[in-house]
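S.K.: fold the following for me, if possible:
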Amino acid sequence: KEFITEDFRASVQEVLDNALQGKETDNFQFPLITKHGARVEVLLNAASRRDQEGRVIGVVGIGQDITARIAQEQEYEKLIDTANAPIFGVDSEGKVTVWNKCAAGVTGYTDEDTLGRHLVKEFITEDFRASVQEVLDNALQGKETDNFQFPLITKHGARVEVLLNAASRRDQEGRVIGVVGIGQDITARIAQEQEYEKLIDTANAPIFGVDSEGKVTVWNKCAAGVTGYTDEDTLGRHLVKEFITED
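M.R.: Numbers count the residues shown, from 1 in each chain. Modelled structure (predicted):
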């Protein structure tokens with residue numbers, strides 16, 4: 001009545017009443033107003049206090065001041081929500097817990113559309129569900145994934161290509177409690193690369209490409225016409241060792 005804010009009196013009283021009946025409570029969060037009017041957020045464990053005969057005679061509350069932690073979490077949430085990359089989070093069951101403004105902008109789905117719903121089952125195309133689920137399962141086991149590419153279908157039916165980094169989300173004790181995914185919309189980049197590949201393939205000059213090991217990665221139609229070797233003949237094979245004369 002005298003030290004708990006009015007909006008929390010009923011719930012705090014319930015915790016105390018439960019402890020007086022032998023039913024203890026862990027990690028109950030409520031605010032306390034200090035003598036000087038400041039608000040302090042407290043995480044409470046309420047245990048029954050017993051006499052020598054084991055009868056409950058009161059309650060012992062062990063609290064933790066989590067005011068700074070909550071302020072830090074709120075700042076973290078603000079940074080996520082205003083980031084210029086699509087960011088989502090899921091819990092250990094795969095249900096969406098975080099969906100920032102950029103994710104909403106890219107997909108057309110708001111946080112109201114997604115929060116509490118299963119990410120993979122409801123928002124991933126069927127042909128990618130298994131692979132996306134594997135990435136999330138790995139992150140839940142502490143094995144993170146970088147640069148995983150998969151498609152999302154927007155609320156309006158468009159296909160968006162996403163490059164994803166999936167990181168484990170941990171609690172204060174370091175236990176994995178979910179996954180945070182930081183994405184990048186690479187739809188425009190892929191379209192540009194496909195246009196570039198098309199220009200190369202239809203060029204009226206023989207064009208080839210090799211990787212750092214000297215293996216063929218590009219072999220256009222004109223190169224095939226000049227040499228007689230198709231791209232199927234050359235791709236993945238060593239250019240110099242297999243197609244250049246010894247001298």
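
S.K.: contacts and neighbour counts: CA atoms only from here.
M.R.: Will do.

S.K.: run the chain-centre distance for stretch 10-29.
M.R.: 35 Å (CA atoms, centre = their mean, to the nearest Å).

S.K.: let me fix that, I meant to ask about stretch 171-187.
M.R.: A distance of 3 Å separates the centroid of the chain from that of stretch 171-187, by CA atoms, centre = their mean.

S.K.: convert the helix or strand hosting Asp233 to CSV, retaining C-alpha atoms only.
M.R.: Assigned by DSSP states H and E, Asp233 falls within helix 231-234. The C-alpha trace of helix 231-234 is given here as CSV (Å, rounded to 0.1, in the frame of the first residue of the first chain):
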residue,chain,number,x,y,z
ASP,A,231,30.4,-23.8,-71.8
GLU,A,232,29.6,-27.4,-70.6
ASP,A,233,33.0,-28.5,-72.0
THR,A,234,35.0,-25.7,-70.2
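
S.K.: helices or strands next to that helix in the packing?
M.R.: In this structure, helix 231-234 makes packing contacts with strand 216-219, judged by 3 or more CA pairs under 8 Å, 6 or more residues apart in numbering; DSSP states H and E.

S.K.: for the helix or strand hosting Leu16, name the packing helices and strands.
M.R.: Using DSSP H and E, Leu16 maps to helix 9-20. Helix 9-20 sits against strand 25-33, strand 39-50, strand 56-65, with contacts defined as 3+ CA pairs under 8 Å, 6+ apart.

S.K.: in the protein, which spans are strands?
M.R.: Ranges of strands in the chain, per DSSP state E, are 25-33, 39-50, 56-65, 87-91, 96-99, 145-153, 159-170, 176-185, 208-210, 216-219.

S.K.: how about the helix or strand of the chain with the lowest mean pLDDT: buried residues?
M.R.: When the helices and strands of the chain are scored by mean pLDDT, DSSP states H and E, helix 67-82 comes last with a mean of 85. Residues of helix 67-82 classed as buried by neighbour count (16 or more other CA atoms under 10 Å): Ile80, Asp81.

S.K.: repeat for stretch 234-247
M.R.: Quick answer for stretch 234-247 (16+ other CA under 10 Å): Thr234, Leu235, Gly236, Arg237, His238, Leu239.

S.K.: next: stretch 196-216.
M.R.: So, applying 16+ other CA under 10 Å, buried residues of stretch 196-216: Ile200, Asp201, Pro206, Ile207, Phe208, Val210, Lys215, Val216.

S.K.: can you list contacts of that stretch?
M.R.: Under the criterion CA atoms under 8 Å, 6 or more residues apart in numbering, residues 217-224, 226, 234-240 lie in contact with stretch 196-216.

S.K.: surely Thr5 touches Ile33?
M.R.: Yes - assessed by CA atoms under 8 Å, Thr5 is found in contact with Ile33 at 7.1 Å.

S.K.: returning to what we had before: run the angle between the helix holding Leu16 and strand 39-50 for me.
M.R.: 20 degrees (axes from the mean of the first three to the mean of the last three CA atoms, to 10 degrees).
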